[in-house]
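*Asks:* based on what follows, work out the 3D shape:
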Amino acid sequence: MNESEMDELSPREVRIRRRRSDTAQSRRTSDELVAATSPLRERQLKIAIHLFQATVYTPVICFILAALFNDPKGFADWELLTWIAAIAIVDLLPVPTQVQESFSLGFPLELAVAILYPAPVAAAVALLGSSDPRELHLSVPPTRALFNRAQVAAAVMVESYLFHSGAGLSSRWYILGLAVLLAAIGGYAVNMLLVATLVHFKHGQPMRLIIQQMHSGVFGEFVLSY
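*Replies:* From the prediction side, this is the model:
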């Protein structure tokens, strides 16, 4: 609007048009600010996800390596290779869920390893045996694949500690049953919370909603079958 047009308008019309112009300018400034902060927020989110993944797989790997260094004979059992292969094969059969994460059928095998072996050995078997069909297609970043394996290993580690702290293979049947149940609940809780936390970081959904989605449909029936 030029000066001649401004002269032809009443003071009220001038104020209204100036207000509209200021509003439009404010909207453009706000849109530009959002556009500028979106890449920054995305980078911050990626950093947060990588840090969370690192806080899971770093201590797990360090724990296994420390145990291997202190007692290498505990890992020198050829049957461990059979367990690793069995878990790897079964893990290629994912369980469908409503969240964009994959679960596997390897939970009973991993629980069996946790019962039969000490925590460091069981965790190593889970770390090496856990697999994801997406790894075969190279569609999972290395850090994400490492996190997937490490969170399973962490769950198996908890299962082994819980079982061996309360029972042994020679315990009475009811003590053995309670120890297995406690180990299964503890390991599953660790697995569920770690996966749900990652989904929360990635998609911003509430943890409660994510956990509900994990236990609905086919996956809910899968969990109840155990």
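
*Asks:* for this protein, give me the ranges with low pLDDT.
*Replies:* 1-37, 94-105, 215-226 (pLDDT under 70).

*Asks:* quick one: the helices in it?
*Replies:* Ranges of helices within the chain are 3-8, 11-70, 79-90, 107-116, 119-129, 133-136, 142-166, 173-203, 207-214, 217-224, based on DSSP state H.

*Asks:* for Ser171, phi and psi?
*Replies:* With angles defined as degrees, to the nearest 10, Ser171 sits at phi -70, psi 160.

*Asks:* number of nearby residues for it?
*Replies:* For Ser171, the count of nearby residues is 14 (other CB atoms under 10 Å). Glycine gets a C-beta too; all of them are placed from N, C-alpha and C.

*Asks:* which residue packs closest to it, ignoring adjacent ones?
*Replies:* Leaving aside its chain neighbours, Ser171 sits nearest to Ala179 (7.0 Å; criterion: CB to CB, 6 or more residues apart in numbering).

*Asks:* how near is that neighbour to Gly186?
*Replies:* 11 Å (CB to CB, to the nearest Å).

*Asks:* what touches both of the two?
*Replies:* Leu162 (CB atoms under 8 Å, 6 or more residues apart in numbering).

*Asks:* just give me the residue right at the centre of the chain.
*Replies:* The residue lying closest to the centre of the chain (CA atoms, centre = their mean) is Val195, at 2.7 Å.

*Asks:* near the residue lying closest to Lys202 once chain neighbours are set aside, how many other residues are there?
*Replies:* Sequence neighbours aside, Ile49 is the residue nearest to Lys202 in space, at 6.4 Å (criterion: CB to CB, 6+ apart). When counting by other CB under 10 Å, one arrives at 16 neighbours for Ile49.

*Asks:* next up, the contacts around Ile49.
*Replies:* By CB under 8 Å, 6+ apart, the contact set of Ile49 is Leu198, Phe201, Lys202.

*Asks:* my guess is the second one contacts Gln53, does it?
*Replies:* To tie it back to what came earlier, the one meant is Phe201. No - using CB atoms under 8 Å, Phe201 is not in contact with Gln53; the gap is 9.2 Å.

*Asks:* out of the two, which sits in the busier spot?
*Replies:* Gln53 (21 against 17).

*Asks:* quick one on the thing from earlier: just the helices of the chain: most buried one?
*Replies:* helix 119-129 (a mean of 25; mean count of other CB atoms under 10 Å).

*Asks:* correct me if wrong: the residue nearest to Ser171 contacts Trp173.
*Replies:* No - assessed by CB under 8 Å, Ala179 is found out of contact with Trp173, at 10.7 Å.

*Asks:* which residues does Glu110 contact?
*Replies:* Applying CB under 8 Å, 6+ apart, we find Glu110 in contact with Ile87, Ala122, Val125, Ala126, Gly129, Ser130, Val152, Ala155, Val156, Glu159, Gly187.

*Asks:* distance of the residue nearest to Ser171 relative to Ala114?
*Replies:* Going from Ala179 to Ala114 by CB to CB gives 11 Å.

*Asks:* alright, I will stop here.
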